[in-house]
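Participant: Just need the structure, nothing else, for what follows:
(one chain, ligands or ions: 1)
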Amino acid sequence: MNISSNFDSGNIIVNKIDGFSAQLNIRKDTNSAFSQWFHFRVDGVFGEHCTFSITDAGETSYPDGWEDYHVCASYDRKYWFRVPSTYENGVLSFELESECDAVFFAYFAPYSFEQHLDLVHEAQCDPKCSLEVIGKTVEQRDMHLLKIESDDVCEKKNIWLIARQHPGESMAEWFMEGVIGRLLDDDDAVARKLLKTCRFYLIPNMNPDGAIAGNLRSNAAGANLNREWASPSLEKSPEVYHTLAAMRKYGLDMLLDVHGDEAIPYNFVAGSEGIPSYNEELHQLEEKFKAMWMSTCPDFQDTYNYGRDEPGKANMGVCTNQIAEQFGCLAYTIEMPFKDNHLDPDPEQGWSAEKSVALGESVLLAVLGFDSAQPTVSD
Ligand code: ZN
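Facilitator: Residues are numbered from 1 along each chain as shown. Presented below is the predicted three-dimensional model:
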């Protein structure tokens, strides 16, 4: 049995291989103490019963994430299924009787940089969509911004969606694939209606350096981008610096920042109730958005979440808090599970890439509700 991780978003340390049993560790994020994401390939295992132990799982960033979690696996790198996993005494153990010569394992279905390039380049071929490089990452990769806009001539709201500030939360880019696909579908009435009054700014991958490196939360400089929004710097967090500059340049009326949560097995949102300028108007916008999403998508709920920040106690380094304060607008962090959605469990796949795409498609109805909540010039 051979184990490798020298590829896009690969992450594993092999401590010992004994027959078809391996003892593994997770490598820490670049210049950072975070760890949790793993992604590796095993070969020479056709028909063999293989067992794996991640012996440092209890020392990762979110040990609660391993409770009731099952590892993702794929033979064809398209369909990802779960393999039975247990977490005991700080060790994550899982096993598979392999149906093929080689198999991939990952924390969640990966979204590679090649997929990212396909996503933005296919999108830009639609006349409604343009692709702009807004700056460079720490490792000098391009930061891609998609703008989707119809040619209706009227006052429009600027709706922003960004994803993968935390690069190991690959479900966030699957979600963006759903958003982009639906917005560009001329046969979709929701998309057509939205584009009459809204212009969309979309950053499907905020942290390509970290994603390629196989990091959970950090960029190449070791920064947690979702704590950098109060004072981003070109040295440590250019990804946030350039994004904030683009938001100021183009304007922003609403932001959704897409994430995954290691521990909580539900889809939920986190709002900006702890910012200094929070008021009843913003509260009503938040409630309306949540109610609209819940009434139109059974995968979204508002019972299980992070709880509410105390008034004035928000962490202003967090993207949605900083943006809600600066722009006086609705800004939600969207969280999806790494585990499963306990509202509607799926023992085969758990929460999946496919469900993340569908959830991304579904959020546009909630945006439509938000848009019609406010008076528009054109209608
Ligand atoms: Zn996150």
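
Participant: Name the residues of the stretch 201-350 of the chain found near the ion, please.
Facilitator: Proximity of the stretch 201-350 of the chain to the ion, by CB under 5 Å from the ion, involves residues residue 259. Using the backbone N, CA and C atoms, a C-beta is placed for each residue, glycine as well.

Participant: Could you count how many residues lie near the residue in the stretch 101-250 of the chain that the ion sits nearest to?
Facilitator: Closest contact between the stretch 101-250 of the chain and the ion, by CB to the ion, is at residue 166 (3.5 Å). Applying other CB atoms under 10 Å, we find 29 residues neighbouring residue 166.

Participant: And residue 90, by the same measure?
Facilitator: 14.

Participant: pLDDT score for it?
Facilitator: The per-residue pLDDT reported for residue 90 equals 98.

Participant: Hmm, residue 63 and it touching each other?
Facilitator: Yes: with contact defined as CB atoms under 8 Å, residue 90 and residue 63 form a contacting pair (7.3 Å).

Participant: shared neighbours, those two?
Facilitator: Both residue 90 and residue 63 are in contact with residue 57, where contact means CB atoms under 8 Å, 6 or more residues apart in numbering.

Participant: Give me the below-cutoff pLDDT ranges for this structure.
Facilitator: 372-379 (pLDDT under 70).

Participant: can you map out the helices along it?
Facilitator: Residue ranges of the helices in the chain, as given by DSSP state H, are 113-124, 171-183, 189-197, 208-213, 238-250, 280-296, 319-327, 353-372.

Participant: any chance of those helices in CSV, with mean neighbour count too?
Facilitator: As requested, the helices of the chain are exported to CSV (neighbours: other CB atoms under 10 Å):
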stretch, mean neighbour count
helix 113-124, 16
helix 171-183, 26
helix 189-197, 17
helix 208-213, 25
helix 238-250, 20
helix 280-296, 16
helix 319-327, 23
helix 353-372, 22
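
Participant: among these, which is nearest residue 2?
Facilitator: The closest approach between residue 2 and any of the helices of the chain, judged by CB to CB, belongs to helix 208-213 at 22.2 Å.

Participant: Tell me which other helices or strands the closest one touches.
Facilitator: helix 113-124 (3 or more CB pairs under 8 Å, 6 or more residues apart in numbering; DSSP states H and E).

Participant: ok, residues contacting the helix it packs on?
Facilitator: By CB under 8 Å, 6+ apart, helix 113-124 touches 8, 129-131, 144, 146, 148, 173, 176-177, 180, 184, 204-205, 208, 211-212.

Participant: can you do 7 Å?
Facilitator: 8, 129-131, 144, 146, 173, 177, 180, 184, 204-205, 208, 211-212 (CB atoms under 7 Å, 6 or more residues apart in numbering).

Participant: can I see the domain layout of this protein?
Facilitator: Annotated domains of the chain cover 2-106, 113-368 [automatic domain parsing].

Participant: Straight-line length of the first one, end to end?
Facilitator: So that's domain 2-106. Length of domain 2-106, first residue to last, CA to CA, to the nearest Å: 16 Å.

Participant: Give me the contact status of it with the ion.
Facilitator: No: against the ion, domain 2-106 shows no contacts by CB under 5 Å from the ion, the least distance being 10.6 Å.

Participant: No further queries at this time; thank you.
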